[in-house]
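Visitor: no FASTA, just this:
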């Protein structure tokens with residue numbers, strides 16, 4: 001299927017309804033033999049390392065629990081060097097750079113506005129000129145999201161939206177894709193200034209879970225912003241949430257706070273906890 005045909009099909013599909021159905025199926029119990037055979041098939045198709053998982057296949061009674069599995073303790077050590085930024089996820093770099101004219105680069109010739117991404121135009125100027133990184137999680141990756149720096153969780157913003165795929169074909173063809181898909185923004189106050197960690201939903205990503213509060217997306221709720229009276233302390237590499245199925249995380253820093261490492265280029269594979277930048 002060529003890219004044009006694929007995008008026509010995506011435009012015709014009821015993407016939100018499809019994501020709801022897929023989510024229900026992944027959370028439904030199934031006979032153990034069938035379920036474990038399917039997980040092995042999925043792992044083989046996408047080169048998932050079953051040896052990295054904290055549990056064995058019998059420990060995951062649903063596919064959603066398998067997909068959001070934890071890793072064995074110590075498997076993703078957090079770089080201990082001072083004043084650095086670590087990757088918040090296992091994944092691949094889509095784009096990394098610095099915000100220009102209120103926008104981040106999505107793909108060649110396409111940008112997305114920071115204010116729309118965050119659901120708050122008033123906060124967009126905070127990030128003008130600041131570092132951003134867009135990180136893609138494929139089906140083979142570990143699907144939990146962590147903090148790139150130590151700090152305090154000040155609150156979150158939930159933004160219902162579309163369910164476009166976040167694969168390269170869609171990124172090249174859908175204007176401002178990351179600012180129109182469903183999103184959960186976690187706001188952090190850190191020694192690096194204000195930080196936004198944006199979990200972006202996608203087709204068949206039925207839900208995004210927060211780890212610091214009882215927040216689950218795509219359950220029919222309206223947009224919401226919440227600020228904690230007592231911010232929640234979290235260490236570098238602390239868990240923020242997880243995806244049910246693969247998607248994208250975007251991290252934004254204020255201007256002059258972070259300088260990306262030269263190795264942080266598009267298509268660079270990452271492991272959570274690995275250094276990707278430093279305090280400017």
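Guide: Arrived safely, thanks for sending. For clarity, every value in this text was computed on a predicted model and none was experimentally measured. Residues are numbered from 1 along each chain as shown.

Visitor: where does the stretch 151-280 of the chain have low pLDDT?
Guide: The stretch 151-280 of the chain contains residues with pLDDT under 70 at 204-206.

Visitor: List the buried residues in the longest helix belonging to the chain.
Guide: With secondary structure taken from DSSP state H, the chain has its longest helix at helix 32-46. Neighbour counts over helix 32-46 (16 or more other Cβ atoms under 10 Å) mark 35, 36, 39, 43 as buried. Placement of C-beta: from N, CA and C, glycine included.

Visitor: Please look at the second one and residue 58 and confirm they touch.
Guide: So the one you mean is residue 36. Yes. Contact criterion Cβ atoms under 8 Å: residue 36 and residue 58 qualify, at 6.9 Å.

Visitor: follow-up on the earlier one: which elements pack onto the longest helix of the chain?
Guide: In terms of contacts (3 or more Cβ pairs under 8 Å, 6 or more residues apart in numbering; DSSP states H and E), helix 32-46 is packed against helix 63-67.

Visitor: for the very next helix or strand once past the helix it packs on, what is the average pLDDT?
Guide: Following helix 63-67 in sequence order, the next helix or strand is strand 84-86 (DSSP states H and E). Computed over strand 84-86, the mean pLDDT rounds to 98.

Visitor: Could you do stretch 130-139 as well?
Guide: 95.

Visitor: count of neighbours near the spatially closest residue to residue 55 that is not a sequence neighbour?
Guide: Nearest residue to residue 55 in three dimensions, chain neighbours excluded: residue 69, at 6.8 Å (Cβ to Cβ, 6 or more residues apart in numbering). Residue 69 has 20 neighbours, counted by other Cβ atoms under 10 Å.

Visitor: and residue 69, how far is that from residue 50?
Guide: Distance of residue 69 to residue 50, computed by Cβ to Cβ, to the nearest Å: 9 Å.

Visitor: swap in residue 37?
Guide: Residue 37 sits 13 Å away from residue 50, going by Cβ to Cβ.

Visitor: Repeat that for residue 222.
Guide: Relative to residue 50, residue 222 is positioned 39 Å away (Cβ to Cβ).

Visitor: between these two, who's got more neighbours?
Guide: The neighbour count for residue 222 versus residue 50, taken as other Cβ under 10 Å, is higher for residue 50 (14 against 7).

Visitor: Tell me who's in contact with that one.
Guide: By Cβ atoms under 8 Å, 6 or more residues apart in numbering, the contact set of residue 50 is 40, 43, 57.

Visitor: out of those residues, who's nearest residue 22?
Guide: Within the contacts of residue 50, the smallest distance to residue 22 is 18.1 Å, found for residue 43 (Cβ to Cβ).

Visitor: That closest one: what's its closest spatial neighbour, skipping adjacent residues?
Guide: Among residues not flanking residue 43 along the chain, residue 50 sits closest, at 5.4 Å (Cβ to Cβ, 6+ apart).

Visitor: need the contact list for the spatially most central residue of the chain.
Guide: Note on the chain: the residue nearest the mean C-alpha position is residue 249, at 2.9 Å, using Cα atoms, centre = their mean. Neighbouring residues of residue 249 by Cβ under 8 Å, 6+ apart: 88, 89, 91, 134, 135, 137, 145, 197, 198, 199, 200.
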